[in-house]
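> model the structure of this input:
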Amino acid sequence: MPAAATAFALAALAIVAQDHVALRAAPATTASAHAQLWQGELVEVRDRRLGQLQVYDHRLERAGYIRETEAHVVGLHESDAPELLAVLHFLRDTPGAESLGIAYAAAYLKAAPAAAVSPDVFDALGVMAERLARGATLRQGKVDAVTAHMDVATQYGVRFVSVGGNTPSGGAGPMQLCYDGTAFRHVLAMDGSDGAAAASADQRARAALALTRPDCLDPALSPKARQAANQEHADLLDQVDSASGAQLEASLRNRLRLRRAAVWAAVAFDKSRLQEPAQPAAQRALDALAGADKSQLGEGELGEYTEAAIRVGAVRWAAQTTLSAASRLQVELLPGETGQTCVRLLDRYAKAPVTLAEHCTYGTVWPMSARAMPEGRALALNVEPLDGWAELWVWHQETDGWKLDIVAPDSNGPGLGYVEWAGWSPASRGKLLVVRESKSDGRFKRRFEVLRTDTLVAEKSAGDPAQLAAFGVWADPAWKQGTVSLR
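Model prediction:
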């Protein structure tokens, strides 16, 4: 039995039903208040006087009085279990009542026989705990009811973890609060093999989605540990999807596909970092994204679709198995210092291979993305220095030699995003077509741009390529076929 039930003893107990409940020194509204209680708080009832409950809060180690209408006295006998379960079902989908619902889940787990506990109890407990963590992340830095509700939830053994706090590049970043997933692991473990009720397909899908959130993966993990965690997520999603995919409602089925796309994109990047073949994982990411039906997603789920597409867009070149058509300019990859890859820009038409420029990086270089201007005056190449963040290297010829500029997906990065080449205009005009897509401060941005090749300054940009004449004339057909930006 999980820790959520251990807070209850056999004494008469009550669950505080409201926020900002004053714990007073005497049974009168004029008496001084020496503590403030929050919904879901568990108190021991010692007496009733003048419409007040005399209670003791073991967490705060304080005694006092609260009005009878501010708390619900709960029974913890087997006969009380159905009533507790009914309240739990009501609170499960009530935003703002998570700590109260967690309290009733703990009460039910104490009252009901172990054999009678069904997966929907753990499903409800997990849903409320995850929603509480999400709310706390959005409100971090503000001392309010959400913070107090998290403190109450921990009283019942619910645990939260903090990840992040720093960006992958080492700078300061937001802290992500996540539920540790214990209740969801109980759901997945309830397969009916022991004679107890088995979790439904929807419950298993929700559990898998909660346990495989990319934003809850610790960015401080070593490459090996990160690969193991992402592979574990991929295996879990495959297990749930293959076992129950056909039984799921359309929205959950599509969310599973999107999560698989995001996770397999991460697996592809991990493999590239460890010098392992990344093509199969990248192809699985593309296939999963292509299999998602955007029309079956609710308004609140479209963000998941966009985020998965960005993650896949950052690694999509890993799925390519053939190089682009031969051109005058080409790249050659060589090992550099430990962990580095050096990229040489070569002139293929020279009598002997001539190195025009060279640059080294600790990121993953996707050689299949190399696209040279037909006239041999510029070349674009995708490099992914961080998981989910793909930049565009652009070499261009100047009067004093070859110059390398790096185009980032977003000026607020690194974070989540990609930028990719979409075509060249005639050399006389010297224009580069690109698309950038990113997530910054919780908002998604997608821009199609026409850049000057010499300065990489955007001359024109739009949210739809149809609004740019250059994309109608010069966008590369192969790019149109392979990009995820035109989804």
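> drop to CA atoms for contacts and neighbour counts, all remaining ones
OK.
> next up, identify which helix or strand D405 is on.
Taking DSSP states H and E as the criterion, the element that holds D405 is strand 401-407.
> buried residues of that strand, list them for me.
For strand 401-407, the neighbour count (16 or more other C-alpha atoms under 10 Å) marks 404, 407 as buried.
> average model confidence for it?
Averaged across strand 401-407, pLDDT comes to 95.
> in its sheet, what does that strand sit against?
In the sheet, strand 401-407 lines up against strand 389-398 (antiparallel) (DSSP bridges).
> now F444: how far from D293?
Applying C-alpha to C-alpha, to the nearest Å, the value for F444 to D293 is 20 Å.
> can you check G51 too?
Plainly put, G51 is 57 Å away from D293 if you go by C-alpha to C-alpha.
> contacts for the helix or strand just after the strand holding D405 next, please.
Beyond strand 401-407 in the direction of the C-terminus, DSSP H and E gives the next helix or strand as strand 416-424. Strand 416-424 has contacts (C-alpha atoms under 8 Å, 6 or more residues apart in numbering) with 310-311, 313-314, 371, 373, 380-382, 388-392, 407-410, 430-440, 471, 474-476, 479-480.
> which positions in strand 416-424 come out as buried?
For strand 416-424, the neighbour count (16+ other C-alpha under 10 Å) marks 416-424 as buried.
> more crowded one of G51 and D293?
Ranked by neighbour count (other C-alpha atoms under 10 Å), G51 and D293 place D293 first, with 16 against 13.
> what separates that one from S485, distance-wise?
Going from D293 to S485 by C-alpha to C-alpha gives 16 Å.
> just the buried residues from the contacts of strand 416-424, in ChimeraX please.
The buried residues among the contacts of strand 416-424 can be selected in ChimeraX (16+ other C-alpha under 10 Å) with this line:
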select :310,311,313,314,371,373,380,381,382,388,389,390,391,392,407,408,409,410,430,431,432,433,434,435,436,437,438,439,440,471,474,475,476
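> out of the contacts of strand 416-424, which sit inside strands?
Among those, the members falling in strands (DSSP state E) are 371, 380-382, 389-392, 407, 431-440.
> can you show me the helices along the stretch 51-200 of the chain?
81-92, 98-111, 119-138, 145-155, 182-189 (DSSP state H, counting those that start in this stretch).
> quick check: which of the ones you listed has the most neighbours on average?
helix 98-111 (a mean of 27; mean count of other C-alpha atoms under 10 Å).
> tell me what angle it forms with helix 119-138.
Angle, helix 98-111 to helix 119-138, by axes from the mean of the first three to the mean of the last three C-alpha atoms, to 10 degrees: 150 degrees.
> which secondary structure elements does helix 98-111 contact?
strand 13-16, helix 81-92, helix 119-138, helix 145-155 (3 or more C-alpha pairs under 8 Å, 6 or more residues apart in numbering; DSSP states H and E).
> from R344, how far out is P335?
Between P335 and R344 the distance is 11 Å, computed by C-alpha to C-alpha.
> comparing the two, which residue is more hemmed in?
Neighbours were counted for P335 and for R344 using other C-alpha under 10 Å; R344 has more, 18 against 12.
> my guess is the more buried one meets L333, correct?
Yes - using C-alpha atoms under 8 Å, R344 is in contact with L333, at 6.4 Å.
> domain-wise, how is this protein divided?
Annotated domains of the chain cover 1-162+175-182, 200-321, 329-482 [automatic domain parsing].
> which one of the ones you listed lies closest to D194?
domain 1-162+175-182 (9.8 Å; C-alpha to C-alpha).
> tell me the mean pLDDT for the closest one?
Across domain 1-162+175-182, the average pLDDT comes to 89.
> quick one, the strand holding D405 and strand 416-424 angle?
Angle of strand 401-407 versus strand 416-424, following the same axes, to 10 degrees, is 130 degrees.
> what's strand 401-407 in contact with?
Strand 401-407 is contacted by residues 356-357, 391-397, 419, 456 when judged by C-alpha under 8 Å, 6+ apart.
> pipe these into TSV and attach pLDDT per row.
As requested, the contacts of strand 401-407 are arranged in TSV below (pLDDT from 0 to 100):
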residue	pLDDT
L356	94
A357	94
E391	98
L392	98
W393	98
V394	97
W395	96
H396	93
Q397	91
V419	98
L456	91
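> of those, which is the most crowded?
Counting by other C-alpha under 10 Å, top hit in the contacts of strand 401-407: V419 with 28 neighbours.
> list the beta-bridge partners for that residue.
Beta bridges link V419 to R436 when assigned by DSSP bridges.
> distance of it relative to V457?
Taking C-alpha to C-alpha, one finds V419 at 14 Å from V457.
> cool, Q176 as well?
Between Q176 and V457 the distance is 35 Å, computed by C-alpha to C-alpha.
> neighbour count: the two, which is higher?
Q176 (20 against 13).
> what number of residues are in the vicinity of the residue nearest to that one when sequence neighbours are not counted?
Distances taken as C-alpha to C-alpha, 6 or more residues apart in numbering put V163 closest to Q176, at 5.2 Å, once the chain neighbours are dropped. Using other C-alpha under 10 Å, V163 has 17 neighbouring residues.
> the strands in the stretch 151-300 of the chain, which residues?
For the stretch 151-300 of the chain, applying DSSP state E, counting those that start in this stretch gives strands covering 160-166, 172-179.
> list the helices and strands the shortest one packs on?
So the one you mean is strand 160-166. Using 3+ C-alpha pairs under 8 Å, 6+ apart, strand 160-166 is in contact with strand 172-179.
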